[in-house]
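**Q** Take a look and give me a structure for this.
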Amino acid sequence: MVNVIVIGAAGRMGKSIISVIKETDGIKLVGAVDRFDSPWIGKDAGDVAGLGKMGVKLSYNIEKATKKADCIIDFTSPDATMHYLEAAMEKDLSMVIGTTGFSHQQRERMKVLGKDMRIVAAPNMSVGVNILLKAVADVARGLGDNYDVEIVEAHHRLKVDAPSGTAMRFAEVLANSLKRDLEKVAVYERHGIIGKRRSEEIGIQTIRAGDIVGDHTILFAGPGERIEIIHRAHSRDTFASGAVRAAMWIINQPKGLYDMQDVLGLKE
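**A** Now for the predicted structure:
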């Protein structure tokens, strides 16, 4: 049995993760943490998620739960995640991270910690997205420089970082496949008289509206044709299922920093 703590347990993503945990054999919720000012502190995590009582109360203090836990699952904010990452290191716990928007310094710290603990960090835990990451790399290599590449991502109006971590991961994979420096070729906004499109550009455009869970379109446009590869997430449960799968996988791995490609066995 894998015992897990969910951070951000009263949020939309936290509730989805708790729901998947309840329906999955071999994994158990032993801790649920939220902000100290959350109105749900002291309530049963199952009740908060609309699932009925699960015998785990929401707390702002992770200390008690770590005594029984094997792994922490965190989809919160960069600063909060880094705080809990340090706590997990102290307690020798594994950690699954779906948070996006990390600074360069935070990503580098995660790499350092990954030498001495077990971490799965991925901007998108969806099985479908991670299979597409591999697929678009093959498509880009096959089409080469004769096709323009654009990425369009759409998320709900409450998402605070842009572009999405998933869009940036697609951009990194595409730039690597096409042997381009993403920092030099990424274009995040177009407005006014911008001149002719450079052939090496990788456009990354953002939409924020309504309650869109997450849409990503990769567009390859060439002479006389275009290819569009689209992933649409209809529910947060797809990310929650991936996170639970990662938690059950990571505790049996050597110490290191992994991603969902590792979890799914997609790396060559």
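**Q** neighbours around the nearest residue to residue 7 once chain neighbours are set aside, how many?
**A** Distances taken as Cβ to Cβ, 6 or more residues apart in numbering put residue 74 closest to residue 7, at 4.2 Å, once the chain neighbours are dropped. (C-beta placed from N, C-alpha, C; glycine too.) Using other Cβ atoms under 10 Å, residue 74 has 27 neighbouring residues.
**Q** My guess is residue 74 contacts residue 86. True?
**A** No: under the criterion of Cβ atoms under 8 Å, residue 74 makes no contact with residue 86, lying 11.9 Å away.
**Q** Give me the distance from stretch 254-261 to the chain's centre.
**A** 14 Å (Cα atoms, centre = their mean, to the nearest Å).
**Q** Identify all contacting residues around that stretch.
**A** Stretch 254-261 is contacted from outside by 110-111, 113-122, 124-125, 127, 130, 133-134, 242, 246, 250, 267, using Cβ atoms under 8 Å, 6 or more residues apart in numbering.
**Q** Helices of the stretch 151-268 of the chain, start to end?
**A** 165-177, 182-185, 237-250, 260-263 (DSSP state H, counting those that start in this stretch).
**Q** Quick one: those helices as JSON lines, columns for distance to residue 192 too.
**A** As requested, those are exported to JSON lines (distance: least, Cβ to Cβ, whole Å):
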{"stretch": "helix 165-177", "distance to residue 192": "23"}
{"stretch": "helix 182-185", "distance to residue 192": "20"}
{"stretch": "helix 237-250", "distance to residue 192": "37"}
{"stretch": "helix 260-263", "distance to residue 192": "39"}
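**Q** follow-up on the earlier one: tell me which residues form a beta bridge with the residue nearest to residue 7?
**A** residue 7, residue 97 (DSSP bridges).
**Q** That one: what's it in contact with?
**A** Residue 74 neighbours (Cβ under 8 Å, 6+ apart): 7-8, 80-81, 84-85, 95-99.
**Q** Let me have those in TSV, extended by neighbour count.
**A** TSV is the format used below for the contacts of residue 74 (neighbours: other Cβ atoms under 10 Å):
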residue	neighbour count
7	28
8	25
80	15
81	25
84	22
85	24
95	27
96	30
97	29
98	25
99	25
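**Q** Nearest residue to residue 20 in space, ignoring adjacent ones along the chain?
**A** Using Cβ to Cβ, 6+ apart, the closest residue to residue 20 is residue 240 (4.4 Å).
**Q** before we move on, back to that, and the contacts of stretch 254-261, which of them are buried?
**A** Taking 16 or more other Cβ atoms under 10 Å as the criterion, what is buried in these is 110, 113-114, 117-122, 124-125, 127, 130, 133, 242, 246, 250.
**Q** Just the ones of these in strands?
**A** If you go by DSSP state E, these have 118-121 in strands.
**Q** Could you list which residues are in contact with residue 14?
**A** If you count contacts by Cβ under 8 Å, 6+ apart, residue 14 has them with 6-8, 32, 34, 49, 75.
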